[in-house]
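1. predicted model, plus sequence, below.
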Amino acid sequence: MKKNQFLEFLKDNILKLFTGSEIIGEEVSTPRDNIIAQGDAGAIKIKFSRNDNYRIIIKRAQPFKNFEIHLMRSIISEMGKIHEARLLDDYKHGVESMIIEKAICKSLTNSSSKTLSLILSEMSYWSQRTYEGKRMRFGCIVTRKKVGGKSTNSNLHISNVLEKDFSALLTDGENSFIEISADGYITDYISYFKQCDYNLYAPYDNLKLATLASGSKIGVCLNKEGDVLIFKDKSLLFAKRSGNWVCYSHEEIVSKLSERAGDFEDVRRSIYLSALDTSFNRCGGCIVHVNSTETTNVLKHIDDADVLDNDSYVAIQQIKKEKSLFSDLAGGDTEIESFDDFLRDNKCIKSATLRQLITGRKFQELDRKFRQDMLAMDGATIIGNDGTIIAVGAIIKIEAGSSGGGRLAAAKTLSNYGVSIKISNDGTMQGFKMDRNKLRAKTVFML
């Protein structure tokens, strides 16, 4: 494959699969060098064939994990087979998508990869269809047990079932699922109404499927937005969104949500999970985890009617007092109105309501669905280093010179005080942190 063709393939597929990654250069290579190798600072060096005299360097904010490197090897291997058959030029888009899906399936399982690939292909087709005017939804668990034989009814094979419209009514992908054998036969119906673990790395609506996807079992679903999701080891691993596959590396992102590793991991995890829920709920949002030393400074961008805790309210009143040029004439040491009295003001209806519902709990102590609903409110959610909920739905006073839409500008402004996350309406999550050397917000992760 020519160099320009390989670069185009990387840009159209690998960079989209590992969101936030970018090509930062290349290096000279010899036939002795591996096709894929780890570089400095978590970067990846990759070429199409061993005889290529160059390797492209790809980097992203979070280092690549071993299973992601294994997946890249599988993709390049599949790409080599297609290239040798000379099919790529005639069927470029369809073949490249098939290569990614096949490589994903092989990276997840050997015994069930063909069945899994077939299901993903059908789900991609279903994502463009409706049934009686509604988006089609589906959920299944693929096991490694094979049941097919001469006496097995071929009508029970998933390839035949998914071709019929009735199959759209069998499951909802959230509470009900079909169990499918490694060789593609329907074996059982699963209705899951037990208590599930609400701290799994999975969207809120798919926690039950994630719970079932343990051991050798793999979960697949098509959600109401037309996304295809794959779960393994009780976590979301891949999702096909807007036609592109995305790989999820949850722990690395959680580690980036604090000023010091190990600080308040339960807070960071709850913030990330709620951002993930907002992403798949397609409602957009903005949230910041504030550094312990910046709690007072971040309040300069928040209206007092938006704060939810007494300490923040008092701090804002002090800031107002210090900024007033006429504080002495106005009485100087006039006693600040109590927070409870302030919340009786008509402009504080939202804050008074949320404060009543939160009842003094920290962000990580709230019900996960409640957190998702709060993030969906217009404005930013401000979380203190220890999980104290400073504000919800706050309209941020943007710094002069900020660019981009309101949500992006707010996220970049708030990155001065911690790690901020902007969630777009299309589901893209982007984390920002202040680069103290360049004095500007830098992207620390993107999904």
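-> Noted; the coordinates are in hand.
2. please count neighbours and contacts with C-alpha atoms only from this point.
-> Noted.
3. lowest-pLDDT helix or strand in this protein?
-> When the helices and strands of the chain are scored by mean pLDDT, DSSP states H and E, strand 130-131 comes last with a mean of 78.
4. name the helices or strands packed onto that strand?
-> Judged by 3 or more C-alpha pairs under 8 Å, 6 or more residues apart in numbering; DSSP states H and E, strand 130-131 has no packing partners among the helices and strands.
5. partner strands of that strand, parallel or antiparallel?
-> Note on strand 130-131: by DSSP bridges, its sheet partners are strand 134-135 (antiparallel).
6. so after the partner strand, what's the next helix or strand?
-> Per DSSP states H and E, strand 134-135 leads on to strand 138-142 as the next helix or strand towards the C-terminus.
7. next up, the contacts around Leu170.
-> Applying C-alpha atoms under 8 Å, 6 or more residues apart in numbering, we find Leu170 in contact with Phe138, Phe177, Ile178.
8. repeat for Gly393
-> Taking C-alpha under 8 Å, 6+ apart, we find Gly393 in contact with Asp306, Met374, Leu375, Met377, Asp378, Gly379, Ala380, Thr381.
9. please apply the same query to Ile316.
-> Taking C-alpha under 8 Å, 6+ apart, one finds Leu299, Lys300, Asp304 in contact with Ile316.
10. the residues you listed into TSV, with extra columns for distance to Val142 and pLDDT?
-> TSV is the format used below for those (distance: C-alpha to C-alpha, whole Å; pLDDT from 0 to 100):
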residue	distance to Val142	pLDDT
Leu299	50	94
Lys300	52	92
Asp304	52	92
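11. and the strands in the stretch 101-250 of the chain?
-> For the stretch 101-250 of the chain, applying DSSP state E, counting those that start in this stretch gives strands covering 130-131, 134-135, 138-142, 176-180, 186-191, 218-222, 228-232, 235-241, 244-247.
12. quick one: the third one to strand 228-232, angle?
-> Pointing back at strand 138-142 there. Per axes from the mean of the first three to the mean of the last three C-alpha atoms, to 10 degrees, the angle that strand 138-142 makes with strand 228-232 is 30 degrees.
13. and for the fifth one?
-> Relative orientation of strand 186-191 and strand 228-232, computed by the same axes, to 10 degrees: 90 degrees.
14. Ser167 against Ile158, yeah?
-> No: contact status for Ser167 versus Ile158: not in contact, 9.7 Å apart, counting by C-alpha atoms under 8 Å.
15. quick one: which of these two has more around it?
-> The residue with more neighbours, out of Ser167 and Ile158, is Ile158; 21 against 15, by other C-alpha atoms under 10 Å.
16. ok, back up a step: can you pick the most crowded of the contacts of Ile316?
-> Asp304 (24 neighbours).
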